[in-house]
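Asks: I'd like to go over a predicted model; first the sequence, then the structure.
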Amino acid sequence: MRILYLVNALDSGPGVLLDEATRAGAAATLIHAPEATDMESGETRDVPESAAGFDGLVVMGGVMGVYDEDRYPFIGKTRALIRDFHEAEKPVMGVCLGSQIVASAFGAPVYRMKEKLDIHEEWGFLPQTWLGATADDPLLKDAPPDLPIMQWHGDTFDMPEDAVALSTRDVCPNQAFRIGARTYAFQFHLEMTREGLAGWSVFRAHAEKKPLAEIEALIEPQIAAHLGAQQTFARRVMRRWMALGG
């Protein structure tokens, strides 16, 4: 299987998803979409115009918003590519910003949480409430109840018209959905590794102008309690997603 990963922030790579796919023998192409750069060769490589040459597409997170498309042209290109993969019946997975671009690709608005909700962000390992449609969903049919999964986002989306809602949370209702049989969107960061979380703690401490020890005191107990189960879940989801490619 030939998987294209669009990386939208260097500290938000595909992590466990890439590792599991590589273990299964999949070939990977990673493009840093904002800089139009092939992450292996360093050569210029923009977001492709079509799904040709690939069997699946994974779109990762980033600090920008879908509403920032004027500043980040890759967002529009990614939206068009998602539609092309979908129409070619090739699997798509959007994570965090990626999920928001998937929602946008199917006509749903994306906006800052604080504009419509009573919270400005979600951060930390937060439990998911799986909806009834997951009972027979190819990826999520046996997801552990109330599984805590890492979150860090300040944007959300409305559910696209033809979406099947898969997960929710009280403070931010739209967490995961499927369009058709092979296009998935996950607001949560199921891809995280221990190393990636360490980097995020440094970034959050800097952004909030707080001592790193203060951030670590909040997140480290959560990592110890929940990262193992999250990674087991993520690996299973990735294997099943790959199987959708035939």
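Replies: Thanks, I have the structure now. Numbers count the residues shown, from 1 in each chain.

Asks: quick one: the residue nearest the centre of the chain and K210, what's the gap?
Replies: The residue lying closest to the centre of the chain (CA atoms, centre = their mean) is V95, at 0.8 Å. Between V95 and K210 the computed distance is 26 Å (CB to CB, to the nearest Å). Every C-beta, even on glycine, is put in place using the N, C-alpha and C of the backbone.

Asks: Also M150?
Replies: Separation of M150 from K210 (CB to CB): 19 Å.

Asks: how about the longest helix seen in the chain: buried residues?
Replies: For the chain, the helix with the greatest residue count under DSSP state H is helix 212-243. Using 16 or more other CB atoms under 10 Å as the test for burial, helix 212-243 gives 215-216, 219, 223, 226-227, 230-231, 233-235, 237-238, 241-242.

Asks: how about the strands in the chain?
Replies: In the chain, the segments counted as strands under DSSP state E are 2-7, 27-32, 37-38, 56-59, 92-95, 110-112, 122-127, 129-130, 148-153, 155-157, 164-168, 176-179, 183-186.

Asks: Just send these back as CSV, with distance to T44 and mean pLDDT too.
Replies: Output for the strands of the chain, formatted as CSV (distance: least, CB to CB, whole Å; pLDDT from 0 to 100):
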stretch, distance to T44, mean pLDDT
strand 2-7, 15, 98
strand 27-32, 10, 98
strand 37-38, 6, 98
strand 56-59, 20, 98
strand 92-95, 24, 98
strand 110-112, 28, 97
strand 122-127, 34, 98
strand 129-130, 42, 98
strand 148-153, 29, 98
strand 155-157, 29, 98
strand 164-168, 37, 98
strand 176-179, 31, 98
strand 183-186, 28, 98
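
Asks: Now render the ones you listed as CSV, adding distance to Y72.
Replies: Formatted as CSV, those follow (distance: least, CB to CB, whole Å):
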stretch, distance to Y72
strand 2-7, 12
strand 27-32, 12
strand 37-38, 14
strand 56-59, 13
strand 92-95, 16
strand 110-112, 13
strand 122-127, 22
strand 129-130, 32
strand 148-153, 16
strand 155-157, 13
strand 164-168, 27
strand 176-179, 23
strand 183-186, 19
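
Asks: what residue ranges in this protein score low on pLDDT?
Replies: For the chain, applying pLDDT under 70 flags no range at all.

Asks: most remote residue from it's center?
Replies: When distances are taken from the C-alpha mean of the chain, P211 lies farthest, 28.0 Å away, according to CA atoms, centre = their mean.

Asks: distance of that residue from E220?
Replies: Taking CB to CB as the measure, P211 falls 14 Å from E220.

Asks: Since that was my last question, I'll sign off now.
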